[in-house]
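> got a sequence here, can you build the structure:
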Amino acid sequence: MIFKNLNWKPPKEWKVIKTIELQTGGEPLRVFTEGLPEIRGGTILEKRRYFRDNYVYIRTGLLWEPRGHADMYGAVITEPTTPDGDFGAFFLHNEGYSTMCGHGIIALTKLVLDTGFIKKEGKNPVLKIDAPPGQITAIGHRKEGIVSSVSFINVPSFVLMQNQMLEVNGIGRINFDIAFGGAFYAICEAMELGLNLDKNDFSKIIDYGKRIKNAVAGNFNVRHPFEEDLSFLYGIIFIDNPYDYNNHSRNVCVFADGEVDRSATGSGVSARAAIHFSKGELKQGEKITIESILGTTMDVEIVELTQYDQYQAVIPKVTGMASIIGQNQYYFDPEDPLKEGFILR
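Coordinates of the predicted model:
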């Protein structure tokens with residue numbers, strides 16, 4: 001091997017950040033494990049705000065090119081911010097920060113249990129994860145000591161608006177609902193828009209998602225009842241019939257700056273559960289399986305009903321699977337003119 005005697009190390013003045021890479025249903029998660037500066041704050045939202053205000057170069061440098069790409073997704077693990085929390089986490093994407101990330105919760109649960117970062121005994125160990133919308137309970141389902149799937153109990157999910165219409169430039173009139181599943185989504189029928197939810201319409205899905213997101217956000221007031229930091233439209237979800245008729249349906253989420261979720265979107269299927277419940281299409285205790293653009297799946301089940309401020313809300317349980325796919329270390333050379341990254345979308 002040409003490089004078998006390579007002993008080079010970066011100069012001391014270079015920043016080095018180490019990561020572990022995972023995927024959930026095809027959606028990447030880059031977890032920053034070593035090399036981060038101090039992240040101050042007493043709550044996860046405060047820590048996320050501090051990171052946003054002080055370390056933007058880390059987000060762009062590790063998620064954008066040349067170290068990442070336009071659809072890369074990241075996570076920062078912190079110490080817990082609640083008395084019974086196991087750890088805290090917040091999530092990053094090409095445009096900024098997520099309010100909730102189901103695929104990230106699934107991947108982080110796999111990561112901390114399989115690596116022994118957090119030691120829990122039994123076949124179904126339970127984790128308490130302090131996340132931006134509140135504490136998430138996650139359960140790792142082990143087979144022969146390895147986590148083969150993960151379920152998490154999400155925050156109260158509710159319908160904000162139903163049966164809305166809007167004229168969107170370049171598309172025409174759209175019909176949509178808005179629901180919260182840890183983040184707010186506008187949810188549209190793909191068939192009404194002439195969209196195929198597969199790779200053949202990938203560019204069109206991005207284009208329509210960005211147009212609709214900008215139009216809805218500009219014309220509708222999306223407000224969380226308690227948290228200002230959660231009060232914005234996070235993404236657009238297009239839904240259609242499944243390609244595998246053993247499943248309930250297929251959906252594709254477009255979020256941030258035209259980022260497409262490869263998974264079925266854990267917070268998105270939670271928002272959908274709230275909508276289906278409000279329409280009498282899903283009852284407490286019933287489970288549905290939803291496909292992604294790749295055909296990978298997540299299950300969602302309503303495990304509880306609750307009142308959330310003025311909203312009738314559901315508590316969803318989402319189940320999916322993740323894989324650990326690599327480890328990396330990234331260098332920030334102070335003289336590199338592109339050290340903070342760039343994005344081409």
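> find the nearest non-adjacent residue to V318, please.
Leaving aside its sequence neighbours, V318 sits nearest to G266 (C-beta to C-beta, 6 or more residues apart in numbering; 4.7 Å). Using the backbone N, CA and C atoms, a C-beta is placed for each residue, glycine as well.
> against V16, how distant is the one you found?
Using C-beta to C-beta, to the nearest Å, we find G266 at a distance of 31 Å from V16.
> same check, this time on D86
27 Å.
> so where is the stretch 151-300 of the chain shaky, pLDDT-wise?
For the stretch 151-300 of the chain, no stretch has pLDDT under 70.
> just the strands in it please.
Using DSSP state E, counting those that start in this stretch, the strands of the stretch 151-300 of the chain run over 158-168, 172-180, 184-189, 233-240, 249-255, 259-260, 287-291, 297-308.
> other SSEs contacting the second one?
Judged by 3 or more C-beta pairs under 8 Å, 6 or more residues apart in numbering; DSSP states H and E, strand 172-180 is in contact with strand 158-168, strand 184-189, helix 202-219, helix 266-278.
> please identify the most buried of the ones you listed.
Mean neighbour count, computed with mean count of other C-beta atoms under 10 Å, is highest for helix 266-278 among these, reaching a mean of 28.
> and that one, how far from the chain's centre?
Relative to its chain's centre, helix 266-278 lies at 15 Å (C-alpha atoms, centre = their mean, to the nearest Å).
> so it versus strand 172-180, what angle?
100 degrees (axes from the mean of the first three to the mean of the last three C-alpha atoms, to 10 degrees).
> just the CA coordinates for helix 266-278, please, in PDB.
Provided in PDB are the C-alpha atoms of helix 266-278 (Å, rounded to 0.1, in the frame of the first residue of the first chain):
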ATOM      1  CA  GLY A 266     -40.000  11.100  11.900                       C
ATOM      2  CA  SER A 267     -41.400  14.500  12.900                       C
ATOM      3  CA  GLY A 268     -43.300  14.600   9.600                       C
ATOM      4  CA  VAL A 269     -45.100  11.300  10.100                       C
ATOM      5  CA  SER A 270     -46.000  12.500  13.600                       C
ATOM      6  CA  ALA A 271     -47.600  15.600  12.100                       C
ATOM      7  CA  ARG A 272     -49.400  13.400   9.600                       C
ATOM      8  CA  ALA A 273     -50.700  11.200  12.500                       C
ATOM      9  CA  ALA A 274     -52.300  14.300  14.000                       C
ATOM     10  CA  ILE A 275     -54.000  15.100  10.700                       C
ATOM     11  CA  HIS A 276     -55.200  11.600  10.100                       C
ATOM     12  CA  PHE A 277     -56.600  11.500  13.600                       C
ATOM     13  CA  SER A 278     -58.400  14.800  13.100                       C
END
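> ok, now which ones touch the residue nearest to V318?
Counting by C-beta atoms under 8 Å, 6 or more residues apart in numbering, G266 touches 100-103, 105-106, 152, 154, 181-182, 298, 318, 320.
> whichever of the residues you listed end up buried, select them in ChimeraX.
Buried subset of the contacts of G266, written as a ChimeraX selection, criterion 16 or more other C-beta atoms under 10 Å:
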select :100,101,102,103,105,106,152,154,181,182,298,318,320
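> I'd like the contacts of G266 laid out as JSON lines, including distance to Y311.
Output for the contacts of G266, formatted as JSON lines (distance: C-beta to C-beta, whole Å):
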{"residue": "M100", "distance to Y311": "16"}
{"residue": "C101", "distance to Y311": "22"}
{"residue": "G102", "distance to Y311": "20"}
{"residue": "H103", "distance to Y311": "25"}
{"residue": "I105", "distance to Y311": "22"}
{"residue": "I106", "distance to Y311": "26"}
{"residue": "F152", "distance to Y311": "21"}
{"residue": "N154", "distance to Y311": "15"}
{"residue": "G181", "distance to Y311": "12"}
{"residue": "G182", "distance to Y311": "14"}
{"residue": "M298", "distance to Y311": "23"}
{"residue": "V318", "distance to Y311": "19"}
{"residue": "G320", "distance to Y311": "26"}
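> brilliant, that's me finished.
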